[in-house]
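# quick one, fold the following:
(4 chains)
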There are 2 protein chains.
Amino acid sequence: MPESDSPGELVLPEIVAAAKTAAFAANGCLFRQGDSCENYLVLKSGSIKVFARSPGGKEILLYRVLPGDICVLTTSCLLSGSRYPAEALTETDVSAAVIPRADFERHLRESEEFRTFVLSSYGERIADLIALVEQVALASIEQRLVQYLLQYAGTDGRVSATHQDIATEIGSVREVVSRHLRAFSERGWIDTGRGSIRLLDISALQDLAGEAQ
Amino acid sequence: MPESDSPGELVLPEIVAAAKTAAFAANGCLFRQGDSCENYLVLKSGSIKVFARSPGGKEILLYRVLPGDICVLTTSCLLSGSRYPAEALTETDVSAAVIPRADFERHLRESEEFRTFVLSSYGERIADLIALVEQVALASIEQRLVQYLLQYAGTDGRVSATHQDIATEIGSVREVVSRHLRAFSERGWIDTGRGSIRLLDISALQDLAGEAQ
DNA sequence: GTCGCTGTGTGACATTATCACTGAAGGCGC
DNA sequence: GCGCCTTCAGTGATAATGTCACACAGCGAC
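Numbering: from 1, shown residues only, chains lettered A, B, ... in the order given. Below you'll find the predicted structure:
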């Protein structure tokens, strides 16, 4: 407890800088359902998507791990000794700081900043997952699709994704996504092309996303 | 955690015993979406259900808080200063230990056991929520219904719940639950009565619950 | 008994998912 | 250029689930 605050501010970058770095190639599998795990990871660059898969092969994206994020599932598995309940793929080349268990526990003991960081990471994941449950269980496909489009549109109003990508991310299937996109297109709200969509009438889309059900 | 660490072993019960107790009546609202929060809570007795509600009034159960559980959402809100993303109702009379913020942070700093307890609580909630997303997004209503029945059946094979209760918990609607139950009943698997269901052929139900989709 | 509340049953219809295809767009070797 | 192949997108038929509107049954209060 007699820890001075100013060094504390630097603890997290220090920890990451001091740790060994692991690298993974794009489009690779980091872990699958049922795997066990051995290290705490903090993402340094790249992007990882974590999703659940049903026996029949249907998938839904749970969340993404972005630079600066701790891999909460890994941490959680390590603490409880349980197995991964989900699957993770790299979306790009990825590098991550590998923190051995003993170091993780020492930082947790010694650094207020590190404790806050870890607990906040957990809290954010929980909030994300609750939002996801709400979306999946309570919102219509049309609303989730529009929210997806608005979220991923670049400044030029373009979204680069196949219908299949979108379907997986919003927990639906390609055909349904295709049909809704076609309906939007017929109303003049979007323009569709192979692997990309251009938003034409953002305010109409926002109206749809915000409608009470 | 070696058992020789006897003071550590006692930290959690001590903390709970030393804290003030708050009591809440059954069927009351503890917090709603958008509320802010002020204390850390550890449940001592009773049961709390936490669920999300759509603008249209449809609900889905996120998880239950049972004795010994920390209220993870409260903790998470306090840490991040954000608002509750969900709603909580007492199912029974409830008593909870109220831990002021400063005490919570002190225990977190000084007790290995407390840190493990808090992180495990978070981890369990995350695992629960992932399982819920999988259920809602990837499993059929029939499977979720059967899993509900098997989970809540007493030793006598009875489930006490209305069709509406079941629908809310599995994220569906009363009519659909009624129709599936009726189908099960026609196949001789269950016997239905007002507010209660008796399971007659548990192995047939288990087959259905475990089927690949 | 009647009244009123809650729980359940049911039909018609809308939305979404599943299945089985077809065709279109683009990359690549030649 | 041309053909070949893979991936992406479109479509119709059917099944599963959700929505709406209503009828009726059980049960307690009175």
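# make it CA atoms for all contacts and neighbour counts henceforth
Noted.
# surely A:V177 and A:I166 touch.
Yes. A:V177 lies in contact with A:I166 (C-alpha atoms under 8 Å); the separation is 7.4 Å.
# between those two, what contacts are shared?
Overlap of the contact sets of A:V177 and A:I166 (by C-alpha atoms under 8 Å, 6 or more residues apart in numbering or on different chains) consists of A:L145.
# what are the buried residues along the helix or strand A:L12 falls within?
Counting by DSSP states H and E, the element that carries A:L12 is helix A:11-18. By 16 or more other C-alpha atoms under 10 Å in any protein chain shown, the buried positions in helix A:11-18 come out as A:11-12, A:15-16.
# which regions of chain A sit below the pLDDT cut-off?
A:1-10, A:34-38, A:78, A:81-83, A:211-213 (pLDDT under 70).
# could you pull out the helices for it?
Taking DSSP state H, the helices of chain A run over residues A:5-9, A:11-18, A:72-80, A:101-110, A:112-138, A:141-152, A:163-170, A:174-186, A:202-210.
# count of residues packed around A:Q33?
Counted with other C-alpha atoms under 10 Å in any protein chain shown, the neighbours of A:Q33 add up to 14.
# dihedrals phi and psi, the closest residue in space to it that isn't next to it in sequence?
Leaving aside its sequence neighbours, A:Q33 sits nearest to A:A86 (C-alpha to C-alpha, 6 or more residues apart in numbering or on different chains; 4.7 Å). A:A86 adopts backbone torsions of phi -150, psi -170, taken as degrees, to the nearest 10.
# A:V136 contacts A:S172, doesn't it?
No. A:V136 lies out of contact with A:S172 (C-alpha under 8 Å); the separation is 9.3 Å.
# residue contacts, the spatially most central residue of chain A?
The residue lying closest to the centre of chain A (C-alpha atoms, centre = their mean) is A:R64, at 1.3 Å. Residues near A:R64 by C-alpha under 8 Å, 6+ apart: A:47-50.
# so which of those belong to strands?
A:48-50 (DSSP state E).
# who wins for most neighbours among those?
A:I48 (25 neighbours).
# any idea how far that residue lies from A:R32?
13 Å (C-alpha to C-alpha, to the nearest Å).
# again, but for A:S196
29 Å.
# ok, these two, which is more surrounded?
Per other C-alpha under 10 Å, whichever of A:S196 and A:R32 has more neighbours is A:R32, with 18 against 13.
# name whatever forms a beta bridge with the residue nearest to that one when sequence neighbours are not counted.
In space, and not counting its chain neighbours, A:R32 is closest to A:E87: 4.2 Å by C-alpha to C-alpha, 6+ apart. Counting by DSSP bridges, A:E87 is bridged to A:F51.
# contacts only, for A:E87.
A:E87 neighbours (C-alpha under 8 Å, 6+ apart): A:29-33, A:50-53.
# what parts of chain A come near DNA strand C?
Contact residues (C-alpha under 7 Å from any atom of the strand) of chain A with DNA strand C: A:140-142, A:171-173, A:175-176, A:194.
# in JSON lines, list the residues you listed along with distance to chain B.
Shown next, in JSON lines, are the residues of chain A next to DNA strand C (distance: C-alpha to the nearest C-alpha, whole Å):
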{"residue": "A:S140", "distance to chain B": "11"}
{"residue": "A:I141", "distance to chain B": "12"}
{"residue": "A:E142", "distance to chain B": "15"}
{"residue": "A:G171", "distance to chain B": "6"}
{"residue": "A:S172", "distance to chain B": "8"}
{"residue": "A:V173", "distance to chain B": "11"}
{"residue": "A:E175", "distance to chain B": "16"}
{"residue": "A:V176", "distance to chain B": "15"}
{"residue": "A:R194", "distance to chain B": "27"}
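# ok, back up a step: common neighbours of A:I48 and A:R32, please.
Contacts common to A:I48 and A:R32, judged by C-alpha under 8 Å, 6+ apart, are A:A88.
# now the helices of chain A in CSV, with distance to B:H107?
Output for those, formatted as CSV (distance: least, C-alpha to C-alpha, whole Å):
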stretch, distance to B:H107
helix A:5-9, 18
helix A:11-18, 21
helix A:72-80, 18
helix A:101-110, 11
helix A:112-138, 12
helix A:141-152, 40
helix A:163-170, 40
helix A:174-186, 50
helix A:202-210, 43
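# out of the ones you listed, which comes closest to B:L200?
helix A:112-138 (30.3 Å; C-alpha to C-alpha).
# now that closest one against helix B:101-110, angle please.
110 degrees (axes from the mean of the first three to the mean of the last three C-alpha atoms, to 10 degrees).
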